[in-house]
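1. Sequence unavailable; structure follows:
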């Protein structure tokens, strides 16, 4: 049996013959190509394996390249190893070791708890939403990007996926900076390249050292990731052990808070303080004024749990950059001269501190909750493990953070907590002084923890970018989808290293942390939105196994994410949203079209349904009326659009607003014309794209064109979104065609639009209309307002002039006055009317004098009627030939029936057809009429009614050609067809005469309602 590659219904494998040899299902055998048997489907689903997009190491790739490839073992990671521990490792990290004590000292216990509770609530709510999405079907490796893109669509998926990528990349920068800070501050301070000659230059020297060492560290880590990702994954457990041991050491140190940490190297020797503040050991030495005025003593840095120091650390102590760190609860006499304080052994703030800054710096310490979902392809039961593991990891880390905040505030003196780099404790890590058995446990543990986290970021970020690039939604990222033969994302790693270097050049951990906070918060915001949206829309495919979610929790999580973004840094938040918005619009404009069954489509559908129901409640007010177009197109023999300029004109008239339905009809039944209908739709859509016409395309198959166009006029649109205007081209070849169907169809369309109370626009010489690329210079759009039928004639030029093609054209309005009209008053009234309509137009009243009907008009009418009569004679002779053919057919049928069924020839069988006698009688009568008609054609006199109509057409045409022959466009009232259908052909002739000598003409027929108003 051939290999089965897809478990889905529309499988293209040619294995049907093998699968359906039996006769038990013969009733369904014709449909089995498209609808396979259930047993076959289940078999394919059982064989379906979810291969991850994760890391495929060089060694494994090399092993697989032999002729006999080893079979991969099935994923077998459980909740603890697969989700809980990776999440724990990703959440706990650099901020806990390097900044949490400083945050507690600066913000105080209460505000620090508020920060921890806010951020952990945000991640917990996000984890609940993520669990619902992750358990709603199989989630391949790709984690949050996959979940968001498949829930919210390619635009949101791409925007948020790239934000998440940038967040992960900047996280790598932060971890590398943390690694270098630990190295240069606490492990080997002597390794610094840049030395500060003056104390005020120390901060700048530290930043330069961070940049140099950070760049070297990034290069080294990138090489490790490039060469041996396998070892990074194997060392993950070592890095995790470092984190856990460090946290246990902190708790052990809290329990054993009996160590007395002092400000000096020898607490028993007061001379050490003297040497710090005085210029010599003599008693008459010059000492610092503050030292002289106050009793400066050494205190315990870590008084312990029972000391009551917690009371002093309840509330925060914020201050500007350069402010000295001091205990404000103790009274002291300030020195008059503070200019030399910078050279004293004081600790000062290196940045201005405030609550919102601390939120931004702290937030990265709660990120990393996606680690479990990123490994979904390797889990034994992802739908069970992801929710339990992630939520348990967040609960554990929340407990660690809350307990750490309280214990730090209860054990450590406030001024020591606010000492960011441990200068007051001999340059040791403050949290390390608290730990037991040695500060080095924390220093070494945090160093390896930061190294591991940096390597993990540099491993994960390129793969995320590769997944986005391979989806093809952002065209300019396509190059990053390629890699080495074994799938390693080489180009993506280069880009990641480059972006990571930007963070390292910033060089400050406190400046980088808020940047990645923004990107992670943006990602979490959309995870919550995706869950809320799917829940509210109740999409049929939304059936998560995780049941403990609610749309209100997801909205709360999304609101909290948005609030935290603006709390942390409003300008970073705006920049992150701008980046996401630009990516969104770019994907919408240039990206590949993807249909992932996302929730945004469902939301659009619900919104459209709601709007349609609201629209149907009442017809639109005159102020809101705009032409909603039904464009009737003719197609050529290849089903291509005959008049693409009609689409251009529609685009110019609509300017992207309102409804446009482009329709056409193919002759035949849908069963026989299905392929041609689809081809015609594709051709029309292609033309619409070329002409930038935004709208819908609808091609129907009908037994004849007349019925097809009638069906379109009646049924196009939905609910309140129905067309109110029909646009079509003038049948330019109606005179040359022997077949009257074309002009009869045209007139029937005119009648139907009138009956349906829809406006009608007919474009003559449409192929000479401007394209969208044209820019018409100074010229006019001339409106000939003969009769008022709703004001559409006034509205159309205004709408056209909104488009850049017609923008420079001026509008002129002509109206016709008879002999008994006061033309001067008419002009004044028309100018006032236009003023109230807020339309800028020149006004001219054309007087048409009553003149005798000219011989030319009489002759033209006579020729028209003679032509019409001759066509009728030709039609009669054609009918006669058809009847003769029918008689022969009936004779043959009758002879066969007589031979085959003589017994059944009873009185009930009556043949309603032409007999020979009847046919001969009819033929003789028709020939007599025809010969009489031919003689009468040359002796006939024209009908007086037709003569008057022709007179009007000729005179009006003379006036219009005289005034508007040079206009860019002429709009003219379209007279209605005659009620007596016998005069249809004459009606076409009248219109032809009316439009003679004019290039671009738009005939306008109103829909029987006012479409323009003077009221606001």
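-> Nice, thanks for sending it over. As the structure is a prediction and not an experimental result, all values here were calculated from the model.
2. what residue is smack in the middle of this protein?
-> Ranked by distance to the mean C-alpha position of the chain (C-alpha atoms, centre = their mean), the top residue is residue 155 at 3.5 Å.
3. If you average the pLDDT over the host helix or strand of it, what comes out?
-> Taking DSSP states H and E as the criterion, residue 155 maps to helix 143-182. pLDDT averaged over helix 143-182 equals 85, rounded to a whole number.
4. Check whether the residue nearest to the centre of the chain really touches residue 588, as I assumed.
-> Yes - Residue 155 sits in contact with residue 588 when judged by C-beta atoms under 8 Å, with a separation of 5.1 Å. Using the backbone N, CA and C atoms, a C-beta is placed for each residue, glycine as well.
5. which neighbours do these two share?
-> Counting by C-beta atoms under 8 Å, 6 or more residues apart in numbering, residue 155 and residue 588 have no common neighbour.
6. What are the boundaries of the strands in this protein?
-> 629-632, 660-667, 696-702, 725-729, 759-764, 779-785, 809-817, 842-847, 969-973, 1001-1005 (DSSP state E).
7. Mind putting those strands into CSV with distance to residue 685?
-> Below are these laid out as CSV (distance: least, C-beta to C-beta, whole Å):
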stretch, distance to residue 685
strand 629-632, 13
strand 660-667, 9
strand 696-702, 5
strand 725-729, 18
strand 759-764, 21
strand 779-785, 30
strand 809-817, 30
strand 842-847, 41
strand 969-973, 27
strand 1001-1005, 25
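8. among those strands, which is nearest residue 512?
-> Between residue 512 and the strands of the chain, the shortest gap by C-beta to C-beta is with strand 696-702, which sits at 49.2 Å.
9. List the buried residues in that closest one.
-> 697, 698, 699, 700, 701, 702 (16 or more other C-beta atoms under 10 Å).
10. try stretch 391-403
-> Neighbour-count burial for stretch 391-403 flags 391, 392, 393, 394, 397, 398, 400, 401 (criterion: 16+ other C-beta under 10 Å).
11. Check stretch 418-435 too.
-> Of all the residues in stretch 418-435, those buried under the rule 16+ other C-beta under 10 Å are 418-425, 428-435.
12. buried residues in stretch 211-222?
-> Counting neighbours by 16+ other C-beta under 10 Å, one finds that the buried residues in stretch 211-222 are 211, 213, 214, 215, 217, 218, 221, 222.
13. whoops, stretch 224-239 was the one
-> Taking 16+ other C-beta under 10 Å as the criterion, stretch 224-239 shows 224, 225, 226, 229, 232, 235, 236, 239 as buried.
14. Same check on stretch 171-179?
-> Neighbour counts over stretch 171-179 (16+ other C-beta under 10 Å) mark 171, 172, 173, 174, 175, 176, 177, 178, 179 as buried.
15. which one of those is nearest residue 465?
-> Taking C-beta to C-beta as the measure, residue 465 lies nearest residue 172 of those, at 12.6 Å.
16. Identify the residue nearest that closest one in space, chain neighbours excluded?
-> Closest residue to residue 172 in three dimensions, ignoring its sequence neighbours and counting by C-beta to C-beta, 6 or more residues apart in numbering: residue 457, at 3.4 Å.
17. likewise residue 556?
-> Using C-beta to C-beta, 6+ apart and skipping residues adjacent in sequence, the residue nearest residue 556 is residue 125, 6.0 Å away.
18. Please verify my assumption that that neighbour contacts residue 560.
-> Yes - with contacts defined as C-beta under 8 Å, residue 125 counts as touching residue 560 at a distance of 6.6 Å.
19. Please list all residues in contact with residue 700.
-> 663, 664, 665, 666, 670, 677, 708, 711, 712.
20. Which two of the buried residues of stretch 224-239 have the greatest separation?
-> With distances taken as C-beta to C-beta, the most widely separated pair in these is 226 and 239, at 19.2 Å.
21. For residue 280, give me its contacts.
-> Residue 280 makes contacts with residue 286, as judged by C-beta under 8 Å, 6+ apart.
22. pLDDT score assigned to it?
-> On the pLDDT scale, residue 280 gets 75.
23. Then residue 787?
-> At residue 787 the predicted local confidence, pLDDT, stands at 80.
24. Equivalent analysis for residue 25, please.
-> At residue 25, the predicted lDDT confidence score is 57.
25. Please apply the same query to residue 360.
-> Residue 360 is assigned a predicted lDDT (pLDDT) of 92.
26. and residue 978, what is it in contact with?
-> In this structure, residue 978 makes contact with 984, 986, 987, judged by C-beta under 8 Å, 6+ apart.
27. count of neighbours near the residue nearest to the first one when sequence neighbours are not counted?
-> The one in question is residue 984. Leaving out its chain neighbours, the residue that sits closest to residue 984 by C-beta to C-beta, 6+ apart is residue 747, at 5.0 Å. Other residues within reach of residue 747, judged by other C-beta atoms under 10 Å, total 18.
28. Then the one 10 residues further on?
-> By the criterion of other C-beta under 10 Å, residue 757 has 11 neighbours.
29. backbone phi and psi for the closest residue to it other than its chain neighbours, please?
-> Once flanking residues are discounted, residue 757 sits nearest to residue 1008: 4.7 Å by C-beta to C-beta, 6+ apart. According to degrees, to the nearest 10, the main-chain angles of residue 1008 amount to phi 90, psi 10.
30. mind listing what residue 249 touches?
-> With contact set as C-beta under 8 Å, 6+ apart, residue 249 has these partners: 435, 436, 437, 441, 442, 445.
31. show me what contacts the closest residue to the last one other than its chain neighbours?
-> With C-beta to C-beta, 6+ apart as the criterion, residue 445 has its nearest non-adjacent residue at 3.4 Å, and that residue is residue 246. Taking C-beta under 8 Å, 6+ apart as the contact definition, residue 246 lies against 97, 435, 441, 442, 445, 446, 449.
32. Can you read off the pLDDT for the last one?
-> According to the per-residue confidence, residue 449 scores 89 in pLDDT.
33. ok, now the first one?
-> Reported pLDDT at residue 97 in the predicted model: 91.
34. Grab the nearest non-local neighbour of it.
-> Distance criterion C-beta to C-beta, 6+ apart; nearest residue to residue 97, sequence neighbours excluded, is residue 446 at 3.7 Å.
35. Now for that neighbour, how many residues are close by?
-> Other residues within reach of residue 446, judged by other C-beta under 10 Å, total 26.
36. doesn't residue 181 make contact with it?
-> No - no contact is recorded between residue 446 and residue 181 when judged using C-beta under 8 Å, the distance being 9.8 Å.
37. hey, what's in contact with both of the two?
-> When contacts are counted by C-beta under 8 Å, 6+ apart, the set common to residue 446 and residue 181 consists of residue 98.
38. so where's the stretch 651-800 of the chain uncertain?
-> Filtered on pLDDT under 70, the stretch 651-800 of the chain yields the residue ranges 655-656, 737-739.
39. now with 80?
-> Applying pLDDT under 80 to the predicted model, the residue ranges of the stretch 651-800 of the chain that meet it are 654-658, 719-720, 732-742, 788-791.
40. need the helices for it, in chain order.
-> 670-690, 705-715, 741-755, 792-800 (DSSP state H, counting those that start in this stretch).
41. So which residues make contact with the second one?
-> Translated: helix 705-715. Contacting residues not belonging to helix 705-715 are listed as 630, 632, 663, 665-667, 698, 700-702, 726, 741, 744-745, 748-749, 752-753, 756, 758 [C-beta under 8 Å, 6+ apart].
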